[in-house]
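**Q** Requesting a structural model of the entry that follows:
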Amino acid sequence: MGMNAVRIGVAGVGRIGAFHAATLSGLGSDGLVEEVWVTDAVPSAAQLLAEQGGYRVAADFSELLSRVDGVVITTPTTTHADLLRQAIAARVPTFCEKPVATTLAETIELVGVVEAGGVEVQIGFQRRYDQGYRRAREAVASGELGFLHTIRANTHDQSPPPAAYIPTSGGLFRDCGIHDFDIIRYVTGREVTSAYGIGANKGDDFFTAGGDVDTCAALLRLDDDTLATVTATRYNGGGHDVRLEVMGSRGTIGVGYDESLALRSAETGADYPKGPQKWSFMERFQPAYQRELATFTEVVAGKRTSPCTVRDALQAFRVAEACDASLHSGRPIDLTAIPTA
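**A** As a prediction, the model looks like this:
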């Protein structure tokens, strides 16, 4: 193990928790992680995963905090805020999957708690660690594209999540669109000033029953008058499709345009893309997740500060909040109407 190897705990051993535990374990061979600990509200689930992956088990979150140098929160969304408060009180650097809280008010409150606590917190917007998005950010920053005028972003899931997930998801804008809102900020370095959101239900009844839509679109204006469209759906039969197009006066760059692109060309003789498609976000972003968690080990080791803070999470949440308000009111929402404190 490396001299600066750290012990990392994972709270919550569902799909993404198990995935992160395996990723962290893999970082052990790079000398970044000494031990991986796991815990879950269902102790038998944590025990089973520990046996499968060779991890250590903590009886509960409190014990986990006492055993590790840093903690990764992948529990259900409704528990994030409470666990984050506990970790900050214990002065344990924390990685938290989005969102940090289920409401805007509590997200604002947590920004204050984290910044007053002086403990590093990194939020799980993994697209910031994807090489395509980073290349787009460089193209914008260098002036390679000239002035920007239009952005198109999309998050299209191949198939919907379980019905039970929808009432706790926060809605499609907050669950899926929020990744696009964050990455637009990251790539452009700009803030959103207004948002107009619309949605539709054409699939399973449980979306309507859960107060959500299965497909949505947003039109955003950025603070330099760049216009952006964001679309999301739960029913993209062609495959998992996450893309970004950044168009400027000197050129256009696209993220997600490789052989796995989840569409077929209607043009005669066109054989692109060749496939195979990707079918889930974990498959699409596996290298990004690895870089993201490797970065977190550096945060835990004190080698760097968090590159994606709770304030970043708040800004993306505010855009989602504006889109949701627009969806229900039928009119554009100015971001000045969405609180920041």
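
**Q** ok, what's across the strand from the residue nearest to Asp60 when sequence neighbours are not counted?
**A** Spatial nearest neighbour of Asp60, chain neighbours left out: Thr39 (6.0 Å); criterion: C-beta to C-beta, 6 or more residues apart in numbering. Any C-beta I mention is one placed from the backbone N, CA and C, and that applies to glycine too. With DSSP bridges as the criterion, Thr39 is bridged to Ala11.

**Q** Strands of the stretch 101-250 of the chain, residue ranges please.
**A** For the stretch 101-250 of the chain, the strands defined by DSSP state E, counting those that start in this stretch cover 121-124, 148-156, 192-200, 215-222, 227-233, 241-248.

**Q** what's the most buried one of those strands?
**A** Using mean count of other C-beta atoms under 10 Å, the stretch among the strands of the stretch 101-250 of the chain with the largest mean neighbour count is strand 121-124, at a mean of 25.

**Q** In terms of secondary structure, what does that strand contact?
**A** Packing partners of strand 121-124 (3 or more C-beta pairs under 8 Å, 6 or more residues apart in numbering; DSSP states H and E): strand 94-97, helix 286-300, helix 310-329.

**Q** what sits up against the first one?
**A** For strand 94-97, the external contacting residues (C-beta atoms under 8 Å, 6 or more residues apart in numbering) are 16, 70-74, 80, 83-84, 87-88, 119-124, 293, 296, 299.

**Q** Val36 should be in a strand, yeah?
**A** Yes: per DSSP: H, G, I helix; E, B strand; the rest coil, Val36 lies within a strand segment.

**Q** can you pull the contacts of it?
**A** Counting by C-beta under 8 Å, 6+ apart, Val36 has contacts Arg7, Ile8, Gly9, Val10, Ala21, Leu24, Ser25, Gly28, Gly53, Tyr55, Arg56.

**Q** which of the helices and strands packed on strand 121-124 sits most buried?
**A** Among the helices and strands packed on strand 121-124, highest average neighbours (mean count of other C-beta under 10 Å) belong to strand 94-97, with a mean of 26.

**Q** can you dump the C-alpha coordinates of it into PDB?
**A** Extracted C-alpha coordinates of strand 94-97, given in PDB (Å, rounded to 0.1, in the frame of the first residue of the first chain):
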ATOM      1  CA  THR A  94     -17.400  12.900   2.800                       C
ATOM      2  CA  PHE A  95     -18.400  12.000  -0.800                       C
ATOM      3  CA  CYS A  96     -22.200  12.300  -1.200                       C
ATOM      4  CA  GLU A  97     -24.200  11.200  -4.200                       C
END
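
**Q** Quickly run through the sheet partners of it, with directions.
**A** Here, using DSSP bridges, strand 94-97 pairs with strand 70-73 (parallel), strand 121-124 (parallel).

**Q** Look up how far Pro276 lies from Gly211.
**A** Separation of Gly211 from Pro276 (C-beta to C-beta, to the nearest Å): 36 Å.

**Q** looking at the strands of the stretch 101-250 of the chain, which is closest to Pro287?
**A** strand 241-248 (13.6 Å; C-beta to C-beta).

**Q** Just the C-alphas of that closest one, formatted as CSV.
**A** Below are the C-alpha coordinates for strand 241-248, written out as CSV (Å, rounded to 0.1, in the frame of the first residue of the first chain):
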residue,chain,number,x,y,z
ASP,A,241,-27.9,8.0,-24.4
VAL,A,242,-26.1,10.9,-22.7
ARG,A,243,-24.7,13.6,-24.9
LEU,A,244,-23.7,17.3,-25.1
GLU,A,245,-23.3,19.6,-28.1
VAL,A,246,-21.6,22.9,-27.6
MET,A,247,-21.9,25.2,-30.6
GLY,A,248,-19.9,28.4,-31.2
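
**Q** Kindly calculate the angle that it makes with strand 148-156.
**A** 180 degrees (axes from the mean of the first three to the mean of the last three C-alpha atoms, to 10 degrees).
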